[in-house]
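[1] A predicted structure for the sequence below; I have some questions about it.
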Amino acid sequence: MHNYKELKVWQEAIDLTESIYLVSAKFPSEEKFGLTSQIRRASVSVPSNISEGSGRNSKGEFKQFLGIANGSLCEVETQLIIAEKLNIVNESEELEGLFDKIDHIQKMIFKLKNTLN
């Protein structure tokens with residue numbers, strides 16, 4: 001249906017995933033199987049669902065996978081908030097940049113879904 005590698009939203013989601021991996025690398029080692037693993041899996045889910053949806057047979061299926069990607073973005077955002085509350089991450093500029101990226105990708109997903117109507 002779409003070449004997902006050409007989708008700007010997929011590219012942005014890949015960049016977000018890279019940023020999440022870099023930030024979570026600073027998490028305490030006791031979070032390796034907890035918050036670190038969870039936030040990484042959620043971030044990987046975003047571009048993965050965009051690419052999977054783009055390879056489906058209908059616009060409806062693609063829209064469904066875009067919705068799942070958006071849900072994963074909400075997970076990542078929540079996990080960042082938790083990390084901040086637990087003082088695992090306290091670099092506010094870095095966090096604000098991640099929150100801005102998440103917001104931007106969510107808007108891109110919304111626009112893409114609207115074009116599929």
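    Okay, I see it.

[2] what about Asn87, which helix or strand?
    According to DSSP states H and E, Asn87 maps onto no helix or strand at all.

[3] check it and give its pLDDT.
    According to the per-residue confidence, Asn87 scores 91 in pLDDT.

[4] go on, the one 5 residues further on?
    Model confidence at Ser92, expressed as pLDDT, equals 82.

[5] same check, this time on the one 4 residues further on
    The predicted structure scores Glu96 at 94 on the pLDDT scale.

[6] which positions in the helix or strand hosting it come out as buried?
    Using DSSP H and E, the secondary-structure element containing Glu96 is helix 92-115. Neighbour-count burial for helix 92-115, counted by 16 or more other Cβ atoms under 10 Å, picks out 95, 98, 101-102, 105-106, 108-109, 112-113. Where you see a C-beta, it was placed from the backbone N, CA and C, and this is true even at glycine.

[7] equivalent analysis for stretch 64-71, please.
    When burial is assessed from 16+ other Cβ under 10 Å, stretch 64-71 yields the following buried residues: 65-66, 68-70.

[8] now, which of those residues lie within strands?
    When DSSP state E is applied, the buried residues of stretch 64-71 are split such that none fall in strands.

[9] for the residues you listed, work out which two are farthest apart.
    Farthest pair in the buried residues of stretch 64-71 (Cβ to Cβ) is Phe65 and Asn70. Separation: 9.8 Å.

[10] residues in contact with Ile39?
    Applying Cβ atoms under 8 Å, 6 or more residues apart in numbering, one finds that Ile39 lies in contact with 20, 24, 75-76, 79-80, 83.
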